[in-house]
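Q: Predicted coordinates and the sequence they were generated for:
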Amino acid sequence: MEKLQAALEIARRQRAAQGQAPVAPVEKPAPRPDGRDGLWAALGPVDLTRNTLIQARILSQDASMESTPFDVLRTKILYQMRQNGWRRLAVTSPMPRAGKTTTSVNLALALGRQPELRTILFDFDLRAPTVAQKLGLGDAPSITPLLRGETDFSDHAVRVGPNLALALSGVPDPDPTRLLMADSTRDALSRIQADYDPDIMIFDLPSILIGDDARAFLQHVDCALILARADQTRYGDFDSCEREVAEYTNVLGVVLNGYRHSDGKFDAEGAG
Ligand SMILES: Nc1ncnc2c1ncn2[C@@H]1O[C@H](COP(=O)(O)OP(=O)(O)O)[C@@H](O)[C@H]1O
Ligand SMILES: [Mg+2]
């Protein structure tokens with residue numbers, strides 16, 4: 001893990017020495033008169049409680065100093081995904097507790113503050129779903145019927161504000177690998193994408209080196225963000241994870257979570 005942090009530190013210094021230009025601002029597309037506002041408005045609205053969010057390290061609901069790292073991540077991700085025409089982003093890591101769910105939720109809320117964008121966050125860590133818990137939405141139903149095509153998205157999903165939908169998973173699924181590889185899941189996601197036309201679909205996945213679930217699903221996304229935890233992830237694990245992910249999809253970038261700056265402050269550092 002020291003190696004990973006040292007590599008990031010060198011890259012950081014090199015960038016500083018080169019005086020790297022800031023990331024280009026995201027172009028705001030015109031609001032789309034596509035008749036989907038009614039579909040989005042029909043999703044059940046939920047209110048989030050500030051204290052619950054803060055306890056779970058969810059800091060992106062409003063623009064603030066604390067939300068800045070996630071706003072920067074949002075801008076970088078959007079820029080790259082738009083350049084490539086990509087809509088589906090997986091978030092994964094080598095091992096658990098790297099910060100996948102924390103980052104996915106913060107990113108989704110940061111995207112939700114862009115009124116011209118529509119975002120859907122899916123909790124696809126089907127063995128151990130935690131998105132609902134982090135958002136204080138404890139009694140979410142199982143996502144399994146949605147992915148089997150037995151429940152409509154309009155009945156399952158909830159909405160934060162006008163343009164962020166959450167497909168929560170409140171009950172662990174007994175056989176996630178099978179469900180994630182199933183044609184019914186592929187078809188359900190295609191239908192949701194066609195009906196709701198989100199600009200970005202974020203999938204909070206399990207870890208790559210634990211089980212087969214994330215690997216089974218990566219073929220259905222356009223790109224993946226890999227989370228590494230500066231104080232925990234071992235370089236060998238990170239390397240194996242990155243190679244595996246790259247076999248199935250495009251590696252959009254790496255977030256080094258819990259990165260300790262030389263001044264002692266902690267942060268999340270994105271490496272595109
Ligand atoms: N940068 C960080 N510093 C301290 N704790 C963190 C940080 N990022 C995440 N955590 C905490 O670590 C735990 C695991 O994070 P989580 O996002 O649930 O990981 P994952 O989804 O990868 O298993 C949570 O308790 C979360 O609040
Ligand atoms: Mg998680």
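A: Yep, it's here. Ligands and ions are numbered 1, 2, ... in the order given.
Q: Grab the nearest non-local neighbour of residue 131.
A: In space, and not counting its chain neighbours, residue 131 is closest to residue 123: 3.9 Å by C-beta to C-beta, 6 or more residues apart in numbering. For every residue, glycine as well, the C-beta is placed using N, CA and C.
Q: partner residues bridging that neighbour?
A: residue 204 (DSSP bridges).
Q: contacting residues for it?
A: 101, 129-132, 143, 166-169, 204 (C-beta atoms under 8 Å, 6 or more residues apart in numbering).
Q: what does stretch 192-201 rub up against?
A: 32, 34, 36, 39-40, 77-78, 81, 87-89, 111, 117-120, 122, 153, 165, 167, 189.
Q: which among these end up buried?
A: 40, 77-78, 81, 87-89, 111, 117-120, 122, 153, 165, 167, 189 (16 or more other C-beta atoms under 10 Å).
Q: Residue ranges in the stretch 1-150 of the chain under the pLDDT threshold?
A: Scanning the stretch 1-150 of the chain for pLDDT under 70 picks out 1-33.
Q: Of all the residues in it, which one is nearest ligand 2?
A: Nearest residue of the stretch 1-150 of the chain to ligand 2, counting by C-beta to the ion: residue 101, 3.3 Å away.
Q: Does that residue touch residue 134 like I think?
A: Yes - with contact defined as C-beta atoms under 8 Å, residue 101 and residue 134 form a contacting pair (6.1 Å).
Q: What parts of the stretch 1-150 of the chain come near ligand 2?
A: 100-101, 125 (C-beta under 5 Å from the ion).
Q: mind listing which of those are in helices?
A: Using DSSP state H to define helices, the subset of these located there is 100-101.
Q: Could you tell me which ones among the residues of the stretch 1-150 of the chain next to ligand 2 also sit near ligand 1?
A: 100-101 (C-beta under 6 Å from any ligand atom).
Q: Tabulate the residues of the stretch 1-150 of the chain next to ligand 2 (TSV), appending neighbour count.
A: Below are those laid out as TSV (neighbours: other C-beta atoms under 10 Å):
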residue	neighbour count
100	26
101	26
125	25
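Q: how near is residue 37 to residue 157?
A: Separation of residue 37 from residue 157 (C-beta to C-beta, to the nearest Å): 15 Å.
Q: Residue 85 now?
A: 24 Å.
Q: Tell me which of the two has more neighbours.
A: residue 157 (22 against 7; other C-beta atoms under 10 Å).
Q: Thought residue 164 was touching the more buried one, still the case?
A: No - with contact defined as C-beta under 8 Å, residue 157 does not reach residue 164; the gap is 10.1 Å.
Q: who touches both of those two?
A: In contact with both residue 157 and residue 164: residue 120, using C-beta under 8 Å, 6+ apart.
Q: what kind of secondary structure is residue 171 in?
A: coil (DSSP: H, G, I helix; E, B strand; the rest coil).
Q: Oops, could you answer that again for residue 202 instead?
A: strand.
Q: just to revisit the earlier point, residues in contact with the residue of the stretch 1-150 of the chain closest to ligand 2?
A: 123, 125, 130-131, 134, 204.
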